[in-house]
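Asker: Fold the following for me, if possible:
(one chain, ligands or ions: 3)
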Amino acid sequence: MRQEKPGVLLVNLGTPDAPTTPAVKRYLKQFLGDPRVVDTPRWLWWPILNFAILPFRSPRVSKLYASVWMKEGSPLMVFSKQQRDALAQRVDMPVELGMSYGQPSLDGAVQRLLDQGVTKLIVLPLYPQFSCSTVAAVWDGLSASFKPLRSLPEVAFIRDYAEHPAYIAALKASVERSFAQHGEPDLLVLSYHGIPQRFADEGDDYPQRCKDTTEALAAALGIAPHKIMMTFQSRFGREPWLTPYTDETMQGLPAKGIKHVQVMSPGFSADCLETLEEISEQNCEFFLHAGGEKFEYIPALNADDEHIEMMVQLVNARR
Ligand SMILES: C=CC1=C(C)c2cc3[nH]c(cc4nc(cc5[nH]c(cc1n2)c(C)c5CCC(=O)O)C(CCC(=O)O)=C4C)c(C)c3C=C
Ligand SMILES: [Fe+2]
Ligand SMILES: [Fe+2]
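Answerer: Numbers count the residues shown, from 1 in each chain. Ligands and ions are numbered 1, 2, ... in the order given. Modelled structure (predicted):
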């Protein structure tokens with residue numbers, strides 16, 4: 001009889017190995033080369049990526065990475081490892097971390113779990129809101145890592161957890177800590193990573209999942225509807241992305257009398273370039289230059305106890 005031995009595969013996006021132009025170029029080449037992320041026909045995208053994007057974007061973005069780099073490495077990697085270690089302390093099964101792009105690879109993480117005798121993979125992509133550009137890319141990566149195997153493990157794939165009570169409880173605790181520390185702002189802005197509007201038009205339910213999180217958190221906080229709003233950050237390329245854009249919103253709020261904002265990015269399970277630089281630095285500046293007075297960034301859930309508790313619940317429900 002087959003006796004299942006479960007193990008957890010925690011997955012996130014991945015990040016460069018170093019804040020240098022060659023390392024960032026390597027990372028962006030793999031990331032932006034994934035058709036789940038950019039779906040332009042390959043014959044057209046290959047020369048654009050290699051000759052028009054990588055040579056110019058890599059040196060610019062490597063400087064941004066350098067500005068947030070931590071003693072132990074890239075913030076996304078530092079927090080992801082902390083999450084892995086904290087979860088491993090809380091569940092009686094092996095836990096491995098794999099990244100869609102860069103190291104540690106998904107392939108390696110799957111192999112390490114199999115080497116420990118795991119027969120059932122509980123796959124937890126750390127994206128609270130499903131998107132074809134993130135969660136489906138994890139699915140693709142997982143299935144690619146199965147290609148050389150003669151036997152496949154059982155798989156429990158957690159699609160997302162946008163309104164899971166333990167996720168909402170962790171976000172609520174974090175917002176309440178921030179309100180207690182800095183005072184209640186005129187507006188709480190929830191800034192989610194954007195995607196092209198076209199992906200949503202073609203069936204990606206990501207915007208609805210962001211709305212589900214926003215509504216569940218607003219209800220949990222008991223906050224008035226005019227004191228919370230949802231925006232989308234990090235757009236890339238020329239086509240329209242989900243709106244309202246975070247940067248335009250920040251530039252426009254002070255003229256509407258909003259002088260104190262707190263910004264949280266609930267779609268990022270770990271702090272990274274897009275929160276520590278784009279929100280805490282760039283968008284803070286946009287807001288203050290437009291006449292805003294107080295801007296506070298509420299950190300990602302990272303390895304907070306409430307966040308790890310959420311992971312324990314998600315995993316134990318599938319074991
Ligand atoms: C080009 C299209 C992109 C889509 C679609 C996209 C979706 C998407 N991304 C995240 C999470 C993260 N993205 C991060 C960085 C990042 N994202 C893109 C592009 C797209 N993302 C780029 C080019 C970059 C790299 C930085 C840059 O060149 O500007 C990160 C941070 C990684 C880090 O190393 O710190 C995360 C996390 C989500 C959740 C998402 C769709 C919902
Ligand atoms: Fe991204
Ligand atoms: Fe960005």
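Asker: Give me the contact list for stretch 52-72.
Answerer: With Cβ atoms under 8 Å, 6 or more residues apart in numbering as the contact definition, stretch 52-72 has outside contacts at 16, 19-25, 28-29, 32, 74-75, 78, 272-273, 276-277, 281. Heads up, the C-betas are built off the backbone N, CA and C, glycines and all.
Asker: Now cross-check those residues against ligand 1 and list the overlap.
Answerer: The subset of these within reach of ligand 1, counting by Cβ under 6 Å from any ligand atom, consists of 28, 32, 74, 272-273.
Asker: which of those residues sit farthest apart?
Answerer: Largest separation among these by Cβ to Cβ: Leu32 and Ser74, giving 17.4 Å.
Asker: More neighbours: which of those two?
Answerer: Set side by side, Leu32 and Ser74 show more neighbours around Ser74, with 23 against 18, by other Cβ atoms under 10 Å.
Asker: pLDDT value on the residue sitting nearest the centre point of the chain, please?
Answerer: The residue at the geometric middle of the chain, judged as the C-alpha nearest the mean C-alpha position with Cα atoms, centre = their mean, is Phe268 (3.4 Å). In the prediction, the pLDDT value recorded for Phe268 is 98.
Asker: was I right about it contacting Pro299?
Answerer: No: in terms of Cβ atoms under 8 Å, Phe268 does not count as a neighbour of Pro299; the distance is 9.7 Å.
Asker: following whichever strand or helix holds Lys211, which helix or strand comes up?
Answerer: Secondary-structure assignment from DSSP states H and E places Lys211 in helix 206-221. Heading C-terminal from helix 206-221, the first helix or strand you meet, by DSSP H and E, is strand 228-233.
Asker: and that following strand, average pLDDT?
Answerer: 98.
Asker: which residues sit against it?
Answerer: The list of residues contacting strand 228-233 from outside it, by Cβ under 8 Å, 6+ apart, reads 187-195, 210-211, 214, 217-218, 221, 241-247, 249, 265, 274, 278-279, 283.
Asker: Pull the number of nearby residues for Leu13.
Answerer: Under the neighbour criterion other Cβ under 10 Å, Leu13 is assigned a count of 26.
Asker: Now for it: which residues touch it?
Answerer: Under the criterion of Cβ under 8 Å, 6+ apart, the contact list for Leu13 reads 31, 76, 99-101, 134, 272.
Asker: mind checking how far it is from Arg36?
Answerer: The spacing between Leu13 and Arg36, counted by Cβ to Cβ, to the nearest Å, is 12 Å.
Asker: now swap in Gly267 and tell me
Answerer: 17 Å.
Asker: So these two - more neighbours on which side?
Answerer: Neighbours of Gly267 and Arg36, each counted by other Cβ under 10 Å, are more numerous for Gly267; the result is 26 against 18.
Asker: now the more buried one, nearest residue through space, not along the chain?
Answerer: With Cβ to Cβ, 6 or more residues apart in numbering as the measure, Tyr192 is the residue that lies nearest to Gly267, at 4.2 Å, once sequence neighbours are left out.
Asker: wait, that neighbour sits on Met264?
Answerer: No: with contact defined as Cβ under 8 Å, Tyr192 does not reach Met264; the gap is 9.9 Å.
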